[in-house]
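quick one, fold the following:
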Amino acid sequence: MAIVQIEGQTTALRIDSQGATAEASHVKRAFWIVFALASTGILAWGLLRPPDPAKILAAIDLPPSPVLGPEEELASFRLAPGFRAELVAAEPLVVDPVAMDWDDRGRLFVVEMRGFMPNIDGEGEDQPSGRVVVLEDLDGDGRMDESRVFLDELVLPRAIAVLPEGVLIGVPPDLLLCRDTNGDLRCADDERSRVLDYAVEAGNVEHRENALLPGLDGWIYNAKSARRFRLSQGRIEVASSVFRGQWGIAQDDDGRLYYNHNSGFLYVDLFPAEYTLRQPATAAAIEKAGINVDLAPDERVFGVRVAPGLNRAYQAGTLRRDGRQDGPTAVSGLVIQRGHQFGDTFKGDAFVPESAGSAVAHFAVEDGAEGLGLRATHRLYPDKDYARREFLASTDERFRPVDAKVGPDGAIWIIDMYRGVIQHAHYVSAYLREYVDEHDLAPPGATGRIWRLIREDRPLERTPPALEGLADQLAGLDHPNGWVRDRAQRRLVHNHDANALPALRRLSDFSPLGQRHILWTLAQRNELDLESWRTGLASGDPKTRRLALRLGEDLLRQIPGAADAIRREAVRTLEDIDPRVRLQSLHTLGTLPIEARPFEVLLERSRTGNTLERQAALSSLAGLEERSLDSVLATTTGSDTAWTRAIATAAFAQIQTKRNGVRAIVGFLDRIVTLRTRPADAATTMALLEGIYTAQQLPGSERIVLERAHPLFESETSSKLGEAILRVRRGVTWEGDPSPGGARPLDEEEENLRTRGAELYAMTCATCHGAKGRGSAGLAPPLAKSRWVRDADEWLVRIALQGVRGPISVRGKTWNASMPGHGHDPRFDDEGLAGLLTFLRRAWGHGDRPVAPRTVSRIRNATLDHPEAWTTAELLALPIEHRLDRYVGVYRIPIVGIELSITRSESHLEIGRAQGARAPMTEIGDGLFMGEGMQIRFDPTGSEPARSAHVQFGSDSIEVSRSDP
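Prediction:
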């Protein structure tokens, strides 16, 4: 939920964490009032348009942006009432900081990305100028006095985590582990080892793996990544996860993960996302219920300075009428306040830097109305010049907050990269290049600051509690500061002191929050027993019950016969008063061996539960999909087609992953043939076909190759059921198939280009759009089965060269993000770009025409005067050669002489009599269309205009020929 509040008063729309609008009826009525007024001329549509950026820029009275000293910069800060900022460190002690972490003594390890953007072209970024330094406050006054080089000669280091095992440092393409064995705060060659690939994606700095967040569950999570890993007994274990965020990641006291994108403030996983990966259909879905939930949709930035220095300030909608930044463009590392210095009022709140806006936003996070979701309130504060502003905002354009952390003192620490240019060269616009030059914003040299934000009416403990001894570590599990609790837990796990076990077994000696840390600790020490587990399940605190259920999954690996106990307790807690406990019960049941899972219980919840529960039940039925389908078909009366469709989708997606998948698919199709002969089962048959089609449309799905034609596809196709069969048919082929998909083989030159393009895609595009073209929720739309990829060279080449900015509709969903162009990148010359686009046209089941280098060259030269990203309106207004245009024309039916006119409207064909009414046709296969009860099939393999078509109506068919020139 997103709510804007100023001084406690709500001033904006409420949106819940599932994306549904709580006041939708009011919004709808308001929209129709505006529409009615506009249509009658009372309200001019121009009033609804964003302000003209040229007029805004011309009217801005731009203040200077000199390099300020730390104290001068501090004076530029405007903080929420009752808070102040303190300088922790500045140059020369720290330069170009991007990441930080502390050791147990409170010494600060800082990653310096000194190679970032040495000039506006990024020249010299490949030089080993990066470092990790250790800052120490020697006199206890809160300001660092000493800086020592821990590790240097690094190329663009980007992440750090200080663990009991050593210091993890992300330095592409390596994850390094430094063990300072002699305590000299220097990582010598013999103290350093490479443990894993890290941030290996080629391309610009901001689109690579980063963060290194040690989770409460013992795993290490990253932003811009779809994996997690953990150190255990001298080895590293890597596991798949879901793709999250862009720069920075955080967790709350329950271990929920929060992240962001450059244009989106705050996203959350409501439960461990790995549960959704168990079942192929939920794993492949771009949008997973409860995962990547946008808590702050459509929120704006409230800075205190005009912002003509934004990379695309010249584009409509970037600036407000007063010249300030409007929407977020550079959201970065966030923090959840788990410390105690701000007090309970701010516990669990999110603080999110926006470096382009020189601000840090505050979002109050609390439970949603139904107990499953979360909602976030954007807290704004009074400002003397602009009425309202963020929690922290600066008039200094060089204030660049890029990350935030809770420190050993429970306050929030801010990394300030302090520089004029924060935009990476890969995306620098011609406008920004000119602005930086005109206003002398090029990097001034070695600068960087770290700030501490403090609540003034609360004490500040500058010395962290001791964590060396066992008693200190046990006490630390109940400390009010999450920083202390986390490190105490890690110490107890790493040291594995047997003397700690009796105290850890006495859960009742600790608070509910401390008990949860004890359960985490026991589980990661492999010492969680049934008694401690049952104590957690019996807790009056629902968070403790939920965690105990989750950690019970570890007992399956540790205690023989634990499955029966876990099954009993998880089934019992399906009736728990707390909805999150009930949801966790469903997830936990799915971890049991297949034979131990309560099949009927899970199947029923897959039908009757809420959205999150149905998804959880389906994922817990992984491996039981075909049995589930059998059960559904044996019990359904056709009245619950949504349930049948969901089970069919899950079953078909799972079947495709099996070694003998083709045989199982044939059996699936055989079943539909049988059902189709029984009129009473028509609704069920339709639901099965829709389920198969949904599975076929999952990103990354590929055409199924059967050994021979199947009888299902030989039946009459003029009915609604026949149309559904034809839609499924599009994803199926076999040897001798008369309509195999229409993809002509690439010649040798085209195949060489495609191979080069596949490599380029893996190095660049895949970081956002995914290896299988599935896209990334909240960040980038899918490319698989996208009309912008398939339909027109004129669209695709322009998007690749200059980029595209939202809103843009892809497969029925509107995306409001922007994609920069790649035309300036030397890797994307005419041949490279043609290869990339040809790869897109032949990947993920596509069979569309390749893109030639001469086409790229022609469009590149034609768009030299259009450096900015395209809007969809501009693209749709272009004269294009659409892939469907070769079918457009007039076709004569022989004998009777009646002519059929086929035209194109955007990305679909329409059919009708010449000069008469027209009806849309649905594309159900390559060259295969359905409309007005008839099926029309063209030869899809050529490039010239189709000369004929095969028309089928019911059981009758006829060949028609083109009659126009």
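
and the strands in the stretch 251-400 of the chain, which stretches?
Ranges of strands in the stretch 251-400 of the chain, per DSSP state E, counting those that start in this stretch, are 257-261, 264-268, 293-294, 335-336, 350-354, 359-367, 374-383, 387-389, 392-394.

so which of those comes closest to R143?
Proximity to R143 (CB to CB) singles out strand 392-394 among these, at 19.0 Å. C-betas here are computed from N, CA, C, even on glycine.

next structured bit after the closest one?
Going down the chain from strand 392-394, the next helix or strand is strand 401-406, by DSSP states H and E.

tell me what angle that next one forms with strand 359-367.
40 degrees (axes from the mean of the first three to the mean of the last three CA atoms, to 10 degrees).

for the strands of the stretch 251-400 of the chain, give me JSON lines that also has mean pLDDT and distance to Q697.
Output for the strands of the stretch 251-400 of the chain, formatted as JSON lines (pLDDT from 0 to 100; distance: least, CB to CB, whole Å):
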{"stretch": "strand 257-261", "mean pLDDT": "96", "distance to Q697": "25"}
{"stretch": "strand 264-268", "mean pLDDT": "96", "distance to Q697": "25"}
{"stretch": "strand 293-294", "mean pLDDT": "94", "distance to Q697": "23"}
{"stretch": "strand 335-336", "mean pLDDT": "98", "distance to Q697": "36"}
{"stretch": "strand 350-354", "mean pLDDT": "98", "distance to Q697": "34"}
{"stretch": "strand 359-367", "mean pLDDT": "97", "distance to Q697": "34"}
{"stretch": "strand 374-383", "mean pLDDT": "97", "distance to Q697": "30"}
{"stretch": "strand 387-389", "mean pLDDT": "96", "distance to Q697": "44"}
{"stretch": "strand 392-394", "mean pLDDT": "98", "distance to Q697": "45"}
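
as TSV, the ones you listed with mean neighbour count would be great.
TSV is the format used below for those (neighbours: other CB atoms under 10 Å):
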stretch	mean neighbour count
strand 257-261	27
strand 264-268	25
strand 293-294	24
strand 335-336	24
strand 350-354	27
strand 359-367	21
strand 374-383	21
strand 387-389	17
strand 392-394	27
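
so how far is A758 from the closest residue to G333 other than its chain neighbours?
Closest residue to G333 apart from its sequence neighbours, by CB to CB, 6 or more residues apart in numbering: G248 at 2.7 Å. The gap separating G248 from A758 is 31 Å, by CB to CB, to the nearest Å.

and these two? Which one has more around it.
Ranked by neighbour count (other CB atoms under 10 Å), G248 and A758 place G248 first, with 27 against 18.

who does the closest residue to C187 other than its chain neighbours bridge with?
Counting by CB to CB, 6+ apart, C187 lies nearest to C178, which is 3.7 Å off, once chain neighbours are set aside. Partner residues in beta bridges with C178, using DSSP bridges, are V167, R192.

so how many other residues sit close to C178?
Look at C178: counted by other CB under 10 Å, it has 21 neighbours.

wait, doesn't it sit right on L163?
No. Assessed by CB atoms under 8 Å, C178 is found out of contact with L163, at 10.4 Å.

on that earlier part again, show the pLDDT at the residue nearest to G333.
Looking at G248, its pLDDT is 95.

contacting residues for it?
If you count contacts by CB atoms under 8 Å, 6 or more residues apart in numbering, G248 has them with 210-211, 223, 259-260, 332-334, 403.

neighbour-wise, which of those leads?
That'd be N260 among these, by other CB under 10 Å, with 31 neighbours.

show me the contacts for the residue lying closest to that residue once chain neighbours are set aside.
Excluding the flanking residues, the one nearest N260 by CB to CB, 6+ apart is V331, at 4.7 Å. V331 makes contact with 246-247, 260-265, 352-354, according to CB under 8 Å, 6+ apart.

so what's V331 scoring on pLDDT?
pLDDT for V331: 96.

poorly predicted segments of the stretch 701-850 of the chain, please.
Low-confidence segments of the stretch 701-850 of the chain (pLDDT under 70): 715-718, 736, 738-744, 845.

show me where it has its strands.
Counting by DSSP E, counting those that start in this stretch, the strands of the stretch 701-850 of the chain are 704-706, 732-734, 803-805, 808-810, 813-815, 818-820.

how close does the residue nearest to G333 get to R186?
28 Å.

C-terminal to the helix or strand of the chain with the lowest mean pLDDT, what's the next element?
Lowest by mean pLDDT, DSSP states H and E among the helices and strands of the chain is helix 24-39, with a mean of 33. Using DSSP H and E, the helix or strand that follows helix 24-39 in sequence is helix 53-59.

show residues contacting that following helix.
So helix 53-59 is in contact with 308, 313-316, 318-321, 323, going by CB under 8 Å, 6+ apart.

mark which of these are buried, thanks.
Among the contacts of helix 53-59, the ones that count as buried by 16 or more other CB atoms under 10 Å are 308, 313-315, 318-320, 323.

least confident of those?
Lowest in pLDDT among the buried ones among the contacts of helix 53-59 is Q315, which has 83.

is it true that that one touches R805?
Yes. Using CB under 8 Å, Q315 makes contact with R805 at a distance of 6.9 Å.

mutual contacts of those two, please.
Joint contacts of Q315 and R805 (CB under 8 Å, 6+ apart) are A869.

confidence score at the nearest residue to H496 once chain neighbours are set aside?
Excluding the flanking residues, the one nearest H496 by CB to CB, 6+ apart is R525, at 5.8 Å. Looking at R525, its pLDDT is 96.

need the contact list for R525.
When contacts are counted by CB under 8 Å, 6+ apart, R525 touches 492-493, 496.

helices - which of those residues land there?
492-493 (DSSP state H).

nearest to S511, of the contacts of R525?
L492 (16.6 Å).

which residue is the nearest non-sequential neighbour of D141?
Nearest to D141 is R462, by CB to CB, 6+ apart, at 7.6 Å.

follow-up on the earlier one: could I get the contacts of helix 53-59 in JSON lines, plus columns for distance to R627?
Output for those, formatted as JSON lines (distance: CB to CB, whole Å):
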{"residue": "P308", "distance to R627": "63"}
{"residue": "A313", "distance to R627": "58"}
{"residue": "Y314", "distance to R627": "59"}
{"residue": "Q315", "distance to R627": "54"}
{"residue": "A316", "distance to R627": "55"}
{"residue": "T318", "distance to R627": "54"}
{"residue": "L319", "distance to R627": "58"}
{"residue": "R320", "distance to R627": "58"}
{"residue": "R321", "distance to R627": "61"}
{"residue": "G323", "distance to R627": "63"}
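
closest to P679 among those residues?
Proximity of those to P679 (CB to CB) peaks at A316, which lies at 56.5 Å.

mind pulling up the pLDDT for that closest one?
Per-residue pLDDT puts A316 at 83.

my guess is it contacts R805, does it?
No. Under the criterion of CB under 8 Å, A316 makes no contact with R805, lying 9.7 Å away.

any idea how many residues pack against A188?
Neighbour count of A188, defined by other CB under 10 Å: 13.

what about P560, how many residues nearby?
So P560, with other CB under 10 Å, has 7 neighbours.

contacting residues for it?
By CB under 8 Å, 6+ apart, the contact list for P560 is empty.

same deal with the one 4 residues further on?
Counting by CB under 8 Å, 6+ apart, D564 touches A596.

what secondary structure does it sit in?
helix (DSSP: H, G, I helix; E, B strand; the rest coil).

measure it to D554 for me?
Per CB to CB, D564 is found 16 Å from D554.
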